[in-house]
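J.: turn this into a model:
(one chain, ligands or ions: 1)
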Amino acid sequence: MGPNRGRKARLIAKIKGFTDLEPEASGKWISVHRPKGDESGTVTVSFGDESASRKESYELDYCYDRIEGNDLIFSREVKPLVEDVFNGCNATVIAYGAIGSGKTFTIQGTEGKPGLAVLAMAEILSMAEESGKLISVSCYEILKDHAYDLLDPNRHEVLIWEDVARGKIQLKGLSQIAVKSIEEFQKLYFSSQNSYKQHLSSQISHKQSQKMIAEPHHRSHKGLIIHVFRSNESEALPLGKMNFVDLAGYEDGRRKSTGGVNLQENNIINKSIYALHKVVYALNANDSHVPYRESKLTRMLRDSLGGTNKILMITCLNSCYCQDSLCMVKLASRSCKCANRIIPDSTKKTKSMVRPTVLSSSSKSASATAAKRIGTRVGFSGNKANAKASIINGRKLFDETCHTTKSKKASQEESLPLEIVSTVTERAKQEEVTFSKSASATAAKRIGTRVGFSGNKANAKASIINGRKLFDETCHTTKSKKASQEESLQLEIVSTVTEHAKQEEEKQSSGISQAVESLTEDQYPLQAFSVEGSDMSFKASTQETKLLDKVNVTDENNHDKATPNIDGNAESLSFVGADPTIDKENNLVLVNKDESPPISARLQELSKNLKLLCSSSPSCVEILSKTDVSIEDQVSTEILEPKTPEPRLLVNDKSEIVDNSCGSWKAFSARSFRMKNSLVDEYLRFLNTASKEDLKRLKGIGEKRATYILELREESPEPFKDLDDLKDIGMSEKQIKGIMKREIGGLFN
Ligand SMILES: Nc1ncnc2c1ncn2[C@@H]1O[C@H](COP(=O)(O)OP(=O)(O)OP(=O)(O)O)[C@@H](O)[C@H]1O
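T.: Below is the predicted model of the structure:
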């Protein structure tokens, strides 16, 4: 295994072997240049066949050729990681790439040609036998940003509980099954790989399943965790774990129109691939902030990625021409280039910037990157001694950087996010409706989960040995008719109430698009998707809350005051259920009705406004979009002076025309749903902004949960985007519903 130049993640590539359908001649578009002729140094992977006028080249830690098989990759790359796991580290091997690039072949393999996970398991079992360790496995699938347990016949959803203070993750509801032989493992592993969708299709009616089969193939990330336990007299204690992840294939949806449901699915997949690379980049660059919370996968892997843990990223490359493969190599190469990057302290003047100890070939681009990042205050999370050495020995480099701080490339790179905004805005616009719909659908959809977490250490050994599930849980997934009604009503709000806001946004987007059209071809999709994601979620959530913002003008002062109050002595949240405070928090909503603390002033204010809104004409909101007067003025006028509703037409998302005079029930339901969604939005906004003391005034939120919320907000400015996110702070669906019911009930006190 070649050197990593001090980086945490090693980034290699594997060119897929030819299949019978692929003629060898078509594979000449990739060439690999190995300066040292062996596996010990970085390589340059070039794309474009001999006739191509321009070749694109990228540097990676290594690239395995078509004829080099999984055995070789295992012995050079994975075996050393297995040893690390037995020394107490966690290791993660991730295969990613375009669709059909050989990811599953690399990780899982076939019956005759074992993949890296199977080869690693054979090694782990043999080492465990020698050293008296115990082994168990878990398998999961991430489909549309929800994780499901693949070893559970019912494919229950897996919840992630983060103990930020201790850097631990608990995957609630994920089965662990003890494994003693490779045959046992293979049987379990291979049979678990049926997708969640396939499982679902066995649970639903024939008609539904036919529809599902007619839909395009659903893609998902698949993960395997191999847990290694050391045992003492009474219990099995976790020693280390090894993750294998076979990511869903990357496909640039801008070029291939998969349409409908799959377009959204594709977006979610791509977003999570970029989120993973952002994490790898941040780890390799020693950034002080690692954006783990941007995807389900990175949150699940969090305790295996940072610190002294090991990461191997394998870019799988199609043998034949494939633009998506090129895109993936670009990403990998970017994380390769940030070796030993030491980020300048923006609080000091440019002259005192520390030069990164980047090696020659990448120094130019790295200097641009460093320049781009001026303004980012990042502490030296890496080796301080190295940093000093760089300052002293790298004097010349350092001076160079100062002079080239505003180089042409740097300015290009600074502009890149803008370019990306323009490229994604078009799609964001197209998908606006889909996303708005999905955002409200997510809020409406409640996946009920009750998890009895029996992570008791004393039980662990017995559970593992007996090969039964360590974590017993029951949950069910319902996508009710009601939820879909909510979706359509939400859409109605988005499309009618916020025409004005939409026009404003469109003006801005088109301005950005025009401004960046002239920029260079070079793109950083890594940033693209962070922009895309936030852009879309912004549209989905902001539009829904806009009306509320205007109605709730008097709240703004309170809101401003509600700045996060970080408690330096924050205790970590204990998940094991032994803490009486947590129990209190968990049960408060359901049990402690009489002693409940007063509702927050903001929510009370909201309640009053919603009552007014409810009693006012439904047409008042529609009028707003059709006049030139500001929304704020309109809303306040209309709400304060309710009018008798005129017969009118409502248009729902299915283009069904509802005559209000004979559909008053529907109109009433529509208003109720709007109220409900507005309340949910306001509740989430409160969680995202309120001070600790204010948070504690809410039902179900005590000292620990409030502290945890503030910690989450430290990591991500808006951790609660829909009610599902409350599960992150350990609130069950029942509790969430209980809270909302009580808030609504409070309206009529
Ligand atoms: N190194 C290889 N040598 C020979 N055949 C291979 C190799 N890698 C993959 N294949 C074959 O190519 C096909 C696609 O491979 P695979 O299913 O692993 O791709 P994938 O990237 O996991 O696909 P998807 O994106 O659909 O998940 C399979 O038939 C597989 O057996």
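J.: domain parsing for this protein?
T.: Per automatic domain parsing, the domain ranges recorded for the chain read 9-336, 354-404, 432-748.
J.: buried residues in stretch 131-144?
T.: 133-144 (16 or more other C-beta atoms under 10 Å). Every C-beta, even on glycine, is put in place using the N, C-alpha and C of the backbone.
J.: and the residues you listed, which is closest to the ligand?
T.: Comparing those against the ligand with C-beta to the nearest ligand atom picks out E141 as the nearest, at 12.1 Å.
J.: element containing the closest one, please.
T.: Per DSSP states H and E, E141 falls inside strand 134-143.
J.: ditto for F18
T.: Using DSSP H and E, F18 sits within no helix or strand.
J.: just give the nearest non-adjacent residue to the residue in the stretch 251-400 of the chain that the ligand sits nearest to, would you?
T.: In the stretch 251-400 of the chain, the residue that lies nearest the ligand is C316 (5.7 Å; C-beta to the nearest ligand atom). Excluding its sequence neighbours, the residue lying closest to C316 (C-beta to C-beta, 6 or more residues apart in numbering) is G97, at 3.4 Å.
J.: how many neighbouring residues does the one you found have?
T.: Residues near G97, counting by other C-beta atoms under 10 Å, number 28.
J.: tell me the secondary structure at it.
T.: Here G97 is recorded as strand under DSSP: H, G, I helix; E, B strand; the rest coil.
J.: I'd assumed M328 was in contact with it.
T.: Yes: taking contacts as C-beta atoms under 8 Å, G97 lies within contact range of M328: 5.2 Å.
J.: who touches both of these two?
T.: Shared contacts of G97 and M328 (C-beta atoms under 8 Å, 6 or more residues apart in numbering): 250, 315-317.
J.: show me those residues that map onto helices.
T.: Residues of these located in helices (DSSP state H): none.
J.: give the PyMOL command for selecting the buried subset of these.
T.: Here is the PyMOL selection string for the buried members of these, based on 16+ other C-beta under 10 Å:
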select buried, resi 250+315+316+317
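J.: between the shared contacts of G97 and M328, which is closest to N87?
T.: Nearest to N87 among the shared contacts of G97 and M328: T315, at 27.3 Å, using C-beta to C-beta.
J.: tell me what the closest one is bridged to.
T.: Beta-bridge pairing of T315 under DSSP bridges involves A13, Y96.
J.: contacting residues for it?
T.: Taking C-beta under 8 Å, 6+ apart as the test, what T315 contacts is 11-14, 60, 96-97, 325, 328-329, 331-332.
J.: out of these, who's near the ligand?
T.: Among the contacts of T315, proximity to the ligand is found for G97 (C-beta under 6 Å from any ligand atom).
J.: which pair in the contacts of T315 spans the largest distance?
T.: With C-beta to C-beta as the measure, no two of the contacts of T315 lie farther apart than K14 and L331, at 15.3 Å.
J.: who in this structure is up against the ligand?
T.: Residues of the chain lying near the ligand by C-beta under 6 Å from any ligand atom: 16-17, 19, 97, 99-105, 249, 316.
J.: what do you get if the cut-off is 8 Å, keeping everything else the same?
T.: Within the chain, the positions near the ligand by C-beta under 8 Å from any ligand atom are 14, 16-19, 66, 69-70, 95, 97-106, 108, 110, 113, 217, 219, 246, 248-249, 316.
J.: which of those count as buried?
T.: When the residues of the chain next to the ligand are checked against 16+ other C-beta under 10 Å, the ones flagged as buried are 14, 16-18, 66, 69-70, 95, 97-106, 108, 219, 246, 248-249, 316.
J.: so who does the residue nearest to C316 touch?
T.: If you count contacts by C-beta under 8 Å, 6+ apart, then G97 has 103, 247, 249-250, 315-318, 324-325, 328 around it.
J.: any chance you could give me the strand holding E141 in PDB, C-alpha atoms only?
T.: The C-alpha trace of strand 134-143 is given here as PDB (Å, rounded to 0.1, in the frame of the first residue of the first chain):
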ATOM      1  CA  LEU A 134     -16.100 -12.700  18.900                       C
ATOM      2  CA  ILE A 135     -17.500 -11.600  15.600                       C
ATOM      3  CA  SER A 136     -21.000 -10.400  14.700                       C
ATOM      4  CA  VAL A 137     -22.400  -8.700  11.600                       C
ATOM      5  CA  SER A 138     -25.000  -6.100  10.700                       C
ATOM      6  CA  CYS A 139     -26.300  -5.300   7.300                       C
ATOM      7  CA  TYR A 140     -28.300  -2.200   6.300                       C
ATOM      8  CA  GLU A 141     -29.600  -0.400   3.300                       C
ATOM      9  CA  ILE A 142     -30.100   3.300   2.800                       C
ATOM     10  CA  LEU A 143     -33.000   4.000   0.500                       C
END
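J.: this completes my enquiry, with thanks.
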